[in-house]
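J.: with the input below, show me the fold.
(chains A and B)
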Amino acid sequence: MTFAAEALAAALILVGGAFLLLGSAALAKLRDPLRRLHAPTLAVTVGLGAILIASMLEAGIVRADPSWHELAIVLFLFLTAPVSAQMIAKVHLMEIDPATLPPPREGGPWASHAPDDEGEPERGG
Amino acid sequence: MIARLLPHPLLSLAVAAFWIVLENRLSAGTVLLGAVLGIALPLATRAWWPDRPRLAGLPGLAAYALIVLWDILVSAAEVAWLVLTRPEAELKSRFVTVPLAVTAPEAIALLASTITMTPGTLSADLSADGRSLLVHVFHTDDPDATVAAIKARYERRLLEIFP
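T.: Here you go, the predicted structure:
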């Protein structure tokens, strides 16, 4: 049982490490800013996920001292990663011509290009 | 009485459970302090949570989480393969509009987060009227099929969870 858990944890660390490396490599390889945003998703989900599962296996079965902190880490990653990704995407949207985007179903602007309460476009220019 | 003490029962439960997870052990002390926090924090922050989201099914939410986890694995493998094998010039990245049927803010936030956390798609913006989502797709040969898949796989289930 302990050996199986250790072997599984080792395999998960290798998989997680591979995805973390791949996420970083993709960040270096890709040039388009929005394409580059897809790279960290790989690292955050599968890369960190596999390593955190390995950590729980190691603590719970190998050391017989169960740890639940990894669940909290996953929860906060899933709460915060989409927000930071959206912020970066929004900055990019500010810099491109709104006409190059597909329009919303019922017309009107996307929120980033909509006038704010004072009637000014959000980008302030 | 109960409703005044627990304006958001699920939030209270989540805070208490989270406290026990942080303490890393289940004992009378952690449960007690978790319960105190679970009652006190929602009460103290009640002004910022005027509405309670209508949740129609926690089993549906659990099934949704499992489906999303599975999709993350599958699409992570796909994106990893694309990154490793395709030169950047051959990637067909583009924006697509996902028309929304869900209207609950919680459901839209959950859908947008799901799209972002699934490798290969990224929600970039919401329309000003809140009825369309701007999604960037890493690589697709058939953008309409991508939109249809998002709607059929995630949005349909969210509609059932947040009626």
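J.: now the spatially most central residue of chain A: how far from A:Val15?
T.: Centroid-nearest residue in chain A: A:Thr41, 3.6 Å away (criterion: C-alpha atoms, centre = their mean). A:Thr41 is 16 Å from A:Val15, where distance means C-beta to C-beta, to the nearest Å. C-beta: built from backbone N, CA, C; applies to glycine.
J.: over to B:Val31?
T.: 36 Å.
J.: and for A:Trp110?
T.: For A:Trp110, the distance to A:Val15 - C-beta to C-beta - is 37 Å.
J.: which one of those two is surrounded by more residues?
T.: A:Trp110 (23 against 17; other C-beta atoms under 10 Å in any protein chain shown).
J.: doesn't A:Pro98 make contact with that one?
T.: Yes: between A:Trp110 and A:Pro98 there is a contact under C-beta atoms under 8 Å: 7.0 Å.
J.: could you list the domains of chain B?
T.: Here the domain parsing of chain B from automatic domain parsing is B:2-48, B:58-161.
J.: could you dump those domains into JSON lines with mean neighbour count, mean pLDDT and distance to chain A added?
T.: Shown next, in JSON lines, are the domains of chain B (neighbours: other C-beta atoms under 10 Å in any protein chain shown; pLDDT from 0 to 100; distance: least, C-beta to the nearest C-beta, whole Å):
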{"stretch": "domain B:2-48", "mean neighbour count": "14", "mean pLDDT": "87", "distance to chain A": "5"}
{"stretch": "domain B:58-161", "mean neighbour count": "18", "mean pLDDT": "91", "distance to chain A": "3"}
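J.: what helix or strand is the residue nearest in space to the middle of chain B located in?
T.: Nearest to the geometric centre of chain B sits B:Leu110, at 2.8 Å (C-alpha atoms, centre = their mean). Assigned by DSSP states H and E, B:Leu110 belongs to helix B:105-117.
J.: tell me the SS of the residue nearest to A:Ala10 when sequence neighbours are not counted?
T.: Once flanking residues are discounted, A:Ala10 sits nearest to A:Ala54: 7.6 Å by C-beta to C-beta, 6 or more residues apart in numbering or on different chains. Here A:Ala54 is helix, with the state taken from DSSP: H, G, I helix; E, B strand; the rest coil.
J.: could you report the neighbour count for A:Ala54?
T.: A:Ala54, neighbours per other C-beta under 10 Å, totals 22.
J.: list the contacts of it.
T.: A:8-10, A:12-13, A:16 (C-beta atoms under 8 Å, 6 or more residues apart in numbering or on different chains).
J.: and of these, the nearest to chain B?
T.: Nearest to chain B, judged by C-beta to the nearest C-beta, of the contacts of A:Ala54 is A:Gly16 at 11.3 Å.
J.: distance of the closest one from A:Pro40?
T.: Applying C-beta to C-beta to A:Gly16 and A:Pro40 gives a distance of 14 Å.
J.: ok so, going back, mind checking pLDDT for the residue nearest to A:Ala10?
T.: Turning to A:Ala54, the model gives it a pLDDT of 94.
J.: one more: A:Arg123?
T.: So, for A:Arg123, pLDDT stands at 49.
J.: need the three-state assignment for the residue of chain A found nearest chain B.
T.: Residue nearest to chain B within chain A (C-beta to the nearest C-beta): A:Pro104, separated by 3.4 Å. What three-state DSSP gives for A:Pro104 is coil.
J.: for B:His136, same thing?
T.: Assignment for B:His136 (three-state DSSP): strand.
J.: list the contacts for it?
T.: Contacts of B:His136 (C-beta under 8 Å, 6+ apart): A:34, A:37-38, A:89, B:93-96, B:121-124.
J.: now with 10 Å, please.
T.: For B:His136, the contacting residues are A:32, A:34-35, A:37-38, A:85, A:89, A:92-93, A:101, B:93-96, B:115-116, B:120-125, by C-beta atoms under 10 Å, 6 or more residues apart in numbering or on different chains.
J.: helix or strand for the nearest residue to it once chain neighbours are set aside, which one?
T.: Leaving aside its sequence neighbours, B:His136 sits nearest to B:Leu122 (C-beta to C-beta, 6+ apart; 4.5 Å). According to DSSP H and E, B:Leu122 maps onto strand B:121-126.
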